[in-house]
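Enquirer: mind looking at a prediction? Sequence and model below.
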Amino acid sequence: MARFRNKKKNVFAKNVLKKQPMMGVDHITGDKIPKSFVFSRGKLPPPLRQLQMDLRKLMLPYTALKLKEKKRNNLKDFLNVSGPMGVTHFLIVSKTESAPYLRVAKTPQGPTLTFKIHEYSLAADIAQSQLRPRCPQDLFKNSPLIVLSGFGTGDQHLKLTTVVFQNIFPAIDINTVKLSTCQRIVLLNYNKDTKLIDFRHYSIRLQPLGVSRKIRKVIQKHEVPDLRNLQDVSDFVTKAGYGSESEADDEAATVSLPTDLGRANRKSTQSAVRLQEIGPRMTLQLVKVEEGLCSGSVIFNEGGVSDAKKKQETKQVEDEDDEVSEDDREEEEEEEEEEVEMEEN
């Protein structure tokens, strides 16, 4: 009797596609929601492996947090799966003998930005260095805001970097956006002197001005304060060490809310904006820009001349040769005319 053997399924595609949303469109702006894969190429040491997981968490909610990788998976495998899922960007972490690298690629045809990671700190390291680390459960339910600083130098590779990072997160409409969804911010600051990019990730929170910490906790947590050891309720409000924080009165960090945001921050009241770093933190250097997806002609190369610049130099040399040949041709014509005049005379 003949035996029928089932063909082996693509386990990689099955694991990635399972319980993952399909292509999505923002119901407000109508734009396609950018999604990402964060994975590695080659073997990574444990700290870089954790950095990869921190980047996946940063890219939430439109990323594959539990993306399974295997040694036999190549770039083509990820590209084949990215199409049905609507994945628009790859973040690829790798390690060489000299330094770790981060590549940010636009699917399916590029471009690809390659960054050298000079320094980095994990999210756990940032939390351990803080007295009161803050990470609410719903902090990663919405995409972060993106802020770019110092990239307006006019250089082509910096303009391309700006466009890539602006499109890596969903766009927002300031007229319809809900303030409650703006809880995180990613800041990229370019230093034109050192040519380094400071990559930071912060959480955003608002605090009402003129309200002590204890009163704020009562409003937000709905907890009844313990007044057994106090003579009067005023002692609870004016107790030393729990008055209004002076830093909350800084005018540069205050905003007037257009709508209510929770029980403590009310409409048309002044609230202080607080940024608390949650990591990861990186110091990056743009070393190469490729036209395709991890391939193609080199648009920018920090260590040498790019292909585009080579083509431009070659064209200039060809133009100069054409000009020289044109001058030689004119000189020859003038000499021929002089010879004809001498023969006639």
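Expert: Cool, got the structure.

Enquirer: what ranges do the helices span in the stretch 151-300 of the chain?
Expert: Using DSSP state H, counting those that start in this stretch, the helices of the stretch 151-300 of the chain run over 156-166, 213-221, 233-238.

Enquirer: could you give the mean pLDDT of the second one?
Expert: When you say that, I think you mean helix 213-221. Average pLDDT, helix 213-221: 57.

Enquirer: swap in the first one?
Expert: Summarised as a single mean, pLDDT over helix 156-166 is 94.

Enquirer: cool, the shortest one as well?
Expert: Average pLDDT, helix 233-238: 59.

Enquirer: low-confidence bits of the stretch 101-250 of the chain, can you list those?
Expert: For the stretch 101-250 of the chain, the stretches with pLDDT under 70 are 210-250.

Enquirer: which residue ranges of it form strands?
Expert: 112-121, 145-149, 184-191, 196-208 (DSSP state E, counting those that start in this stretch).

Enquirer: reformat these as a markdown table; add mean neighbour count.
Expert: Where C-beta positions appear, they are placed from N, C-alpha and C, glycine not excepted. Compiled in a markdown table, these are given as follows (neighbours: other Cβ atoms under 10 Å):
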| stretch | mean neighbour count |
| --- | --- |
| strand 112-121 | 19 |
| strand 145-149 | 16 |
| strand 184-191 | 17 |
| strand 196-208 | 19 |
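
Enquirer: want to throw those into a markdown table with distance to G303?
Expert: Listed next are those as a markdown table, based on distance: least, Cβ to Cβ, whole Å:
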| stretch | distance to G303 |
| --- | --- |
| strand 112-121 | 10 |
| strand 145-149 | 24 |
| strand 184-191 | 19 |
| strand 196-208 | 15 |
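
Enquirer: nearest to G83, of those?
Expert: Smallest distance to G83 across the strands of the stretch 101-250 of the chain (Cβ to Cβ): 17.6 Å, for strand 112-121.

Enquirer: can you name every helix or strand that the closest one contacts?
Expert: strand 100-106, helix 156-166, strand 281-290 (3 or more Cβ pairs under 8 Å, 6 or more residues apart in numbering; DSSP states H and E).

Enquirer: now with 6 Å?
Expert: strand 100-106, strand 281-290 (3 or more Cβ pairs under 6 Å, 6 or more residues apart in numbering; DSSP states H and E).

Enquirer: which residues does the longest one contact?
Expert: Which is strand 281-290. 112-121, 157, 196-197, 199-200, 296, 298-302 (Cβ atoms under 6 Å, 6 or more residues apart in numbering).

Enquirer: if we use 8 Å, what do you get?
Expert: Strand 281-290 is contacted by residues 101-102, 110-121, 126, 157-158, 160-161, 195-201, 296-303, 306 when judged by Cβ atoms under 8 Å, 6 or more residues apart in numbering.

Enquirer: next, the angle from that strand to strand 100-106.
Expert: 60 degrees (axes from the mean of the first three to the mean of the last three Cα atoms, to 10 degrees).

Enquirer: output strand 281-290 as PDB, nothing but the C-alphas.
Expert: Written as PDB, here are the backbone C-alpha positions of strand 281-290 (Å, rounded to 0.1, in the frame of the first residue of the first chain):
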ATOM      1  CA  ARG A 281      19.800  54.300  25.800                       C
ATOM      2  CA  MET A 282      22.200  54.300  22.900                       C
ATOM      3  CA  THR A 283      24.900  56.400  21.300                       C
ATOM      4  CA  LEU A 284      24.900  55.800  17.600                       C
ATOM      5  CA  GLN A 285      27.000  56.800  14.600                       C
ATOM      6  CA  LEU A 286      25.600  56.600  11.000                       C
ATOM      7  CA  VAL A 287      28.400  54.800   9.100                       C
ATOM      8  CA  LYS A 288      26.600  53.700   5.900                       C
ATOM      9  CA  VAL A 289      23.500  54.200   3.800                       C
ATOM     10  CA  GLU A 290      22.500  51.700   1.200                       C
END
